[in-house]
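A.B. asks: Using only what follows, build the 3D model:
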Amino acid sequence: MSRSFFSLVLMCLAALWSLGAQAEEPKAEGGFSARPLVTAGYTSGGDTLVEVEFENGDKDKLKAGGAFLLGFGVEFVSADGELAVQLTANYHFDSINAENGEATFERYPIELVFFDQGEKHRYGAGFTVHLSPTAQVKADGGRRDSLNFDPAVGFLFEYNYLVGKGLWLGLRYTLIDYDTPGSFNSVTVDGNHFGLMAHFRF
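C.D. replies: So this is what the prediction gives:
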């Protein structure tokens, strides 16, 4: 993980602490309360970045929309419980490992999602900014080749169902493209994907 990402995470934590302290004060007057949040998901979709063929003939693909997402942040909930806002810092990655090499794709999404919610169901939409999207391929005995993309901005739509007191499970669709640096020879990769999501608030 890059130093810039860790710096951004620290800035987010400082901002979340400040916002959380401010959010608790006006709760009685119809403001927002703040609760810590961890999030996880499994996603699939997007263009194929790398296709790997194993020695037994099987094949696997590394796609721009996969696969595992882990993150943390804060959820702000209105006093009437009808509106929630999530701000999270995440790590989104996929990998293929074989005896003769490996391939990975990783990025660091910062997400802001607004939810209109009831007692058990909620519907959300928001923004995601993917920092340092990087695909890497390393063949057995060879050097590691990297394909770097510019930071990308996307949109997401999500439905959640409440299980118990603090666990939201749901479905997400994200719209995002990744562009390689350069104005003339830039390559655009489709990273649109569906996801199964889980959000646990403490």
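A.B. asks: What helix or strand is the residue sitting nearest the centre point of the chain located in?
C.D. replies: When CA atoms, centre = their mean is applied to the chain, the residue found nearest the centroid is Pro109 (4.6 Å). Element membership for Pro109, per DSSP states H and E: strand 101-117.
A.B. asks: Over to Phe184?
C.D. replies: Residue-wise, Phe184 maps onto no helix or strand under DSSP H and E.
A.B. asks: give me the number of residues near it?
C.D. replies: 4 (other CB atoms under 10 Å). From N, CA and C alone the C-beta is placed, and that goes for glycine too.
A.B. asks: Then Ala198?
C.D. replies: Ala198 has 16 nearby residues by other CB under 10 Å.
A.B. asks: and the gap between it and Asn56?
C.D. replies: Per CB to CB, to the nearest Å, Ala198 is found 34 Å from Asn56.
A.B. asks: any weak-confidence spans in the protein?
C.D. replies: Across the chain, the ranges flagged by pLDDT under 70 are 1-30, 183.
A.B. asks: what's the distance between the longest strand belonging to it and the middle of its chain?
C.D. replies: In the chain, with assignment by DSSP state E, the single longest strand is strand 121-139. Averaging C-alpha coordinates over strand 121-139 and over its chain gives two centres that are 4 Å apart (CA atoms, centre = their mean, to the nearest Å).
A.B. asks: And it, what does it pack against?
C.D. replies: helix 3-24, strand 48-53, strand 83-98, strand 101-117, strand 144-148, strand 152-163 (3 or more CB pairs under 8 Å, 6 or more residues apart in numbering; DSSP states H and E).
A.B. asks: With distance to Tyr123 as added columns, please give these in CSV.
C.D. replies: Output for the helices and strands packed on strand 121-139, formatted as CSV (distance: least, CB to CB, whole Å):
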stretch, distance to Tyr123
helix 3-24, 22
strand 48-53, 31
strand 83-98, 11
strand 101-117, 5
strand 144-148, 35
strand 152-163, 6
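A.B. asks: and the angle from the longest strand of the chain to strand 48-53?
C.D. replies: 50 degrees (axes from the mean of the first three to the mean of the last three CA atoms, to 10 degrees).
A.B. asks: Strand 121-139 pairs with which strands?
C.D. replies: Strand pairing for strand 121-139, determined by DSSP bridges: strand 101-117 (antiparallel), strand 144-148 (antiparallel), strand 152-163 (antiparallel).
A.B. asks: among those strands, which is the most enclosed?
C.D. replies: Ranked by mean neighbour count under mean count of other CB atoms under 10 Å, the strands paired with strand 121-139 are led by strand 101-117, which reaches a mean of 20.
A.B. asks: quick one: that strand to chain centroid distance?
C.D. replies: That offset, for strand 101-117, works out to 1 Å (CA atoms, centre = their mean).
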